[in-house]
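Student: Could you look at this predicted model? Sequence included:
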Amino acid sequence: MTALSVTPANVLKGAGAKTFDGTAGTTITAGQAVYKDPEDGYKFKLATSANQTAARAVGIALHAATDEQPLQVLTDGTYAPGATAASGTVYVVGATAGAIAPVADVSNSEYLTILGVGNADGDIDLSIFASGNITPAA
């Protein structure tokens, strides 16, 4: 499996999903995983499993934004990821900045942050768990 190939126009929050408003600290596209950078006034930046701080995703961008623009981020609940998620697959922050990947794609020495699980409708039930732990070598 590979990271989800997201169509930004198809990223939609589900009924009852929780969101948070903030400021982008870089260019962000709808459907990308984001974290809040403590070294940049807690602006949203693209999450990546390659860095411990950046791996601590807080949500999924619901629209595009550039540096200093407002950004709404999905933090909990069901959402259409702009791609078809496989039912029962655990999705995590990927190695590529902003990517959402199946847990099977996590490589050794990457920081593990679980984003959610694919459901029967092809959506993702978002419930973030940022472990802060490095994936051990096999």
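Tutor: Sure thing, it's come through. In this text the structure is predicted, and so the values were computed from the model without any measurement.
Student: what's near enough to touch the most centrally placed residue in the chain?
Tutor: Among the residues of the chain, the one closest to the centroid is residue 33, at 2.5 Å (CA atoms, centre = their mean). Counting by CB atoms under 8 Å, 6 or more residues apart in numbering, residue 33 makes contact with 46-47, 57, 59-61, 93-94, 98-100, 113, 115. Placement of C-beta: from N, CA and C, glycine included.
Student: what about the helices in the chain?
Tutor: With helices called from DSSP state H, the chain shows none.
Student: And the lowest mean pLDDT element among the helices and strands of it?
Tutor: For the chain, using mean pLDDT, DSSP states H and E, the weakest element among its helices and strands is strand 124-134, scoring a mean of 91.
Student: Okay, buried residues for it please.
Tutor: By neighbour count with 16 or more other CB atoms under 10 Å, strand 124-134 contains the buried residues 124, 125, 126, 128, 130.
Student: Adjacent strands (with direction) for that strand?
Tutor: Strand pairing for strand 124-134, determined by DSSP bridges: strand 70-81 (antiparallel), strand 111-118 (antiparallel).
Student: hmm, back to that, just put the buried residues of strand 124-134 in TSV and tack on distance to residue 69.
Tutor: What follows is the buried residues of strand 124-134, written out as TSV (distance: CB to CB, whole Å):
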residue	distance to residue 69
124	25
125	28
126	23
128	23
130	25
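Student: from those residues, which is closest to residue 108?
Tutor: Checking the buried residues of strand 124-134 against residue 108 with CB to CB, the nearest one is residue 130 at 18.7 Å.
Student: where in the chain is pLDDT low?
Tutor: Where the chain drops to pLDDT under 70, the residues are 1, 136-138.
Student: picking up where we left off before, among the contacts of residue 33, the buried ones, what's the PyMOL command?
Tutor: This is how PyMOL selects the buried members of the contacts of residue 33, with burial counted by 16+ other CB under 10 Å:
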select buried, resi 46+47+57+59+60+61+93+94+98+99+100+113+115
